[in-house]
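In: model the structure of this input:
(one chain, ligands or ions: 1)
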Amino acid sequence: MSGANQPATAAVLISGSGSNLQSLIDAIHNGDTALLTTLVISNKAQAKGLQRARKAGIPALCLENRNFDDRRKFDRALARIIDAHRPDMLILAGFMHILSPEFVSRYRGRILNIHPSLLPAYPGLNTHQRVIDNKETWHGCTVHFVTPALDAGPPVIAGRLPVAGNDTAASLAARVLKIEHRIYPIAANLLALGRIRCENDRVFLDNEPLPEPIIYRNGTIKP
Ligand code: GRF
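Out: Residues are numbered from 1 along each chain as shown. Here you go, the predicted structure:
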């Protein structure tokens, strides 16, 4: 995705803490990625991620969806801002807004999201509590390409961890978040390098179909 020796540019969409945004900023500062974050947009004015972006010298804007009477109008305004910056890709990092099919189609194949479960299990909210309630033995997080169906786009990397008997939703959330911070920069870098792509809802890695996500476990990646 990056041109000759040019890093790929990304707009990161956030709503809250922005710790995943921070993991991308850190990867850029450490020279670990072919990605350059050129824009951060929050749909919440109070999002701490806006301060993280500004501290890193990244233009950071707020577009509050509560100021729009209709989701599509918000999405169109969002697309206008994004298109003015012409990023190569969009990274959803805790962006708590369901994007319209029109928006997703506009950037199809160029949007990544991270979700705190092993998709396709547990789409939606409260994933950690639902995992505990169902006595699951494994949990984790997934980076996936975004398609119009919520949390259902094809997965790229899944970070797995065993659920301990004494885990609570809070302890699981903290452990999963640490893994999110490891796998999101890896996935974003693969897209920035043009090593992954999504076609007809299938992921290709280095031009080979990737029928199962890359697995991250115990600090190791297994393609
Ligand atoms: C993460 O758990 C992410 O998986 C989910 O929202 C949370 C965002 O956290 N989509 P942060 O704002 O990156 O700290």
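In: what residues does the chain put near the ligand?
Out: Counting by C-beta under 6 Å from any ligand atom, the residues of the chain close to the ligand are 14, 16-20, 49, 93-94, 114-116, 141, 177, 180. Every C-beta, even on glycine, is put in place using the N, C-alpha and C of the backbone.
In: just the buried residues out of those, in ChimeraX syntax.
Out: Selection of the buried residues among the residues of the chain next to the ligand in ChimeraX, burial being defined by 16 or more other C-beta atoms under 10 Å:
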select :14,16,18,19,20,49,93,94,114,115,116,141,177,180
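In: hang on, Gly153 is in a helix, isn't it?
Out: No. Counting by DSSP: H, G, I helix; E, B strand; the rest coil, Gly153 falls outside a helix, being coil.
In: follow-up on the earlier one: which of the residues of the chain next to the ligand fall within helices?
Out: Using DSSP state H, the subset of these located in helices is Ser19, Asn20, Gly49, Leu177, Glu180.
In: how about those in JSON lines, adding pLDDT?
Out: Formatted as JSON lines, these follow (pLDDT from 0 to 100):
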{"residue": "Ser19", "pLDDT": "98"}
{"residue": "Asn20", "pLDDT": "98"}
{"residue": "Gly49", "pLDDT": "98"}
{"residue": "Leu177", "pLDDT": "98"}
{"residue": "Glu180", "pLDDT": "98"}
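In: residue of the protein nearest the ligand, please.
Out: When scored by C-beta to the nearest ligand atom, the chain has Gly94 as its residue closest to the ligand, at 2.5 Å.
In: could you find the closest non-adjacent residue to that residue?
Out: Nearest non-adjacent residue to Gly94, counting by C-beta to C-beta, 6 or more residues apart in numbering: Gly16, 5.1 Å away.
In: my read: the one you found touches Ala45, true?
Out: No. Counting by C-beta atoms under 8 Å, Gly16 stays clear of Ala45, with 11.6 Å between them.
In: give me the distance from the one helix or strand Ala173 maps to to the chain's centre.
Out: For Ala173, the element it lies in under DSSP states H and E is helix 169-192. Distance, stretch centre to chain centre, for helix 169-192: 9 Å (C-alpha atoms, centre = their mean, to the nearest Å).
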